[in-house]
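Peer 1: quick one, structure for this:
(2 chains)
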Amino acid sequence: MAKSDVKVLGAWPSPFVMRPRIALNIKSVDYEFLQETFGSKSELLLKSNPVHKKIPVLIHGDKPVCESLIIVEYIDEVWSSAPSILPSNPYDRATARFWASYVDEKLFPSMKEIVSADGEEAKKAAIQVVVDGLVLLEDAYAKCSKGGKFFGGEQIGYLDIAFGSYVGWLRVTEKFNQVKLLDEAKTPGLVKWAEAFCAHPAVKDVMPETDKLAEFAKVLAKARAAPPPK
Amino acid sequence: MMRRRVEIVCSHAYYSCIKIGIYTTWWKAGMAEESVKLLGYWASPFALRVHWALKLKGVLYEYMEEDLPNKSTLLLRYNPVHKKIPVLVHNDKPLAESLLIIEYIDEVWKQNPLLPDDPYERAKARFWVKFFDEKCASEIMAAFSSKGKEQEKAAIARENLKTLESALQGKPFFGGETIGFLDIAVGWIGIWARIVEEIVDVNLIDAETMPLLIDWSKKFLEVPIIKASIPPWDKLLEHNKGFHKILTVAST
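Peer 2: As a prediction, the model looks like this:
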């Protein structure tokens, strides 16, 4: 398929945008990456995702697909030849979806709580919530990986993509708060997994460097603190 | 395929059987015996979604009523992460989260498909289901539970329901000619929205601005398999009045 037939609208720092990019890389599908300018939304974005006006959007031919994990499933179904992204067994698929939903609905918000926590005590408590969540994921990793390096087993899969897309931001949070979230003592499996994930060919050109992401986080914090543009 | 339904509970004994704790419905599915259990709560719209999915597929299952808020050790064992119903237990393997459960049901039991075949149509169905849960159901819940902000939240819910209506695109059901994933995910809105409207005095599904959604809802709730599972209106209203009191005391 010609490169221009597949476009991803997004931005390099976004963990959600990473997901379809990794999925397309796994499938060896060429695509055009159209980056949105920070602080504004392009006409194409507003036309392709009128409901949410958010990135990522996959544009396949003339069809827009929105919501990062829905896009990943779409990619797996359209480019259905190996390697598969979702597990083949329905129960394993449901389990992968369950934990992906958990990282989006519980883990990521708890990471954001660390940023908004006011004072030392509140920050400590917020950090503990994230650590507790990661311990649950450590257990899930042990069960899902079935001895392999990834949640998907020997190959990276849906849950690796869903959770792995947050590794950059987890590292930024560790850096800013002088704390270990992915910890050798509590989550040894995840520590190894995170390294393997970031080094994977489908991921390494898409995962931003921690320092670059940390710089962006400062820009983001400034922009949020500033009054909204008129 | 022959279906034989044996209802152990009659309508007048509905609540005594809830006290007993077991309410069992058996469907002859015409396939190998499997163990399928659903842990639920009679007044939960999320459990209702799963009932609808199982019944549309003609799946044999045992229903186990949870005595909420006293969660059973079984529920805590099967869903340690969220400790919530519904939980589907298939051959002793538990699954939580209603929408995941429905996708699982659709993948395991292939008759009467709930999701479309085409990947783009599947992505659209999943998109709207997510939109409904995050932007409609949550705002309705907010209108119901936050004292002083009812009208504000209801206005957001109305706007989002109007957006959802556009997904019908002139079809009788969200799934097209027959009901599908999006219909059963959203379908409880026709009942629960009316209950919230009555208890909290807000307007959610507006006849003037959402005639297609209202038509769809009426048609959907009249489908025999759907209609047969809906809990009694007056019991639901009474239950939710009590629930509303608890929620609004908590929010003051």
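
Peer 1: run through who's touching the helix or strand hosting residue B:244.
Peer 2: Element membership for residue B:244, per DSSP states H and E: helix B:233-251. Helix B:233-251 is touched from outside by B:14, B:43, B:144-147, B:191, B:195-196, B:198-200, with contacts defined as Cβ atoms under 8 Å, 6 or more residues apart in numbering or on different chains. Where C-beta positions appear, they are placed from N, C-alpha and C, glycine not excepted.

Peer 1: could you flag which of those residues are buried?
Peer 2: B:43, B:144-146, B:191, B:195-196, B:199-200 (16 or more other Cβ atoms under 10 Å in any protein chain shown).

Peer 1: ok, these vs residue A:77, which is closest?
Peer 2: Using Cβ to Cβ, residue B:191 is the member of these that lies nearest residue A:77, at 33.1 Å.

Peer 1: tell me the confidence at that closest one?
Peer 2: Note on residue B:191: pLDDT of 95.

Peer 1: can you tell me, leaving aside adjacent residues, what's nearest to it?
Peer 2: Ranked by Cβ to Cβ, 6 or more residues apart in numbering or on different chains and with sequence neighbours excluded, the top spatial neighbour of residue B:191 is residue B:230, at 6.3 Å.

Peer 1: ok so, going back, any chance of the contacts of helix B:233-251 in a markdown table, plus distance to residue A:195 and secondary structure?
Peer 2: Listed next are the contacts of helix B:233-251 as a markdown table, based on distance: Cβ to Cβ, whole Å; DSSP: H, G, I helix; E, B strand; the rest coil:
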| residue | distance to residue A:195 | secondary structure |
| --- | --- | --- |
| B:14 | 56 | helix |
| B:43 | 47 | coil |
| B:144 | 46 | helix |
| B:145 | 44 | helix |
| B:146 | 44 | coil |
| B:147 | 49 | coil |
| B:191 | 50 | helix |
| B:195 | 51 | helix |
| B:196 | 49 | helix |
| B:198 | 56 | helix |
| B:199 | 53 | helix |
| B:200 | 52 | helix |
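
Peer 1: could you list the low-pLDDT ranges of chain A?
Peer 2: For chain A, applying pLDDT under 70 flags the ranges A:1-4, A:228-230.

Peer 1: who in it is up against chain B?
Peer 2: A:51, A:60, A:63, A:65-67, A:70-71, A:73-74, A:77-78, A:90-91, A:93-95, A:97-98, A:101-102, A:136 (Cβ under 8 Å from any Cβ of the partner chain).

Peer 1: just the strands in the stretch 1-150 of chain B please.
Peer 2: Applying DSSP state E, counting those that start in this stretch to the stretch 1-150 of chain B gives strands spanning B:6-7, B:22-23, B:25-26, B:36-40, B:62-65, B:87-90, B:93-96.

Peer 1: near chain A, which residues of the stretch 101-250 of chain B?
Peer 2: Counting by Cβ under 8 Å from any Cβ, the stretch 101-250 of chain B comes close to chain A at B:101, B:103-104, B:107-108, B:119-120, B:122-123, B:126-127, B:130-131, B:163.

Peer 1: with adjacent residues omitted, what lies nearest to the most centrally placed residue in chain A?
Peer 2: The residue lying closest to the centre of chain A (Cα atoms, centre = their mean) is residue A:165, at 2.5 Å. Closest residue in space to residue A:165, ignoring its immediate chain neighbours: residue A:15 at 3.9 Å, by Cβ to Cβ, 6+ apart.
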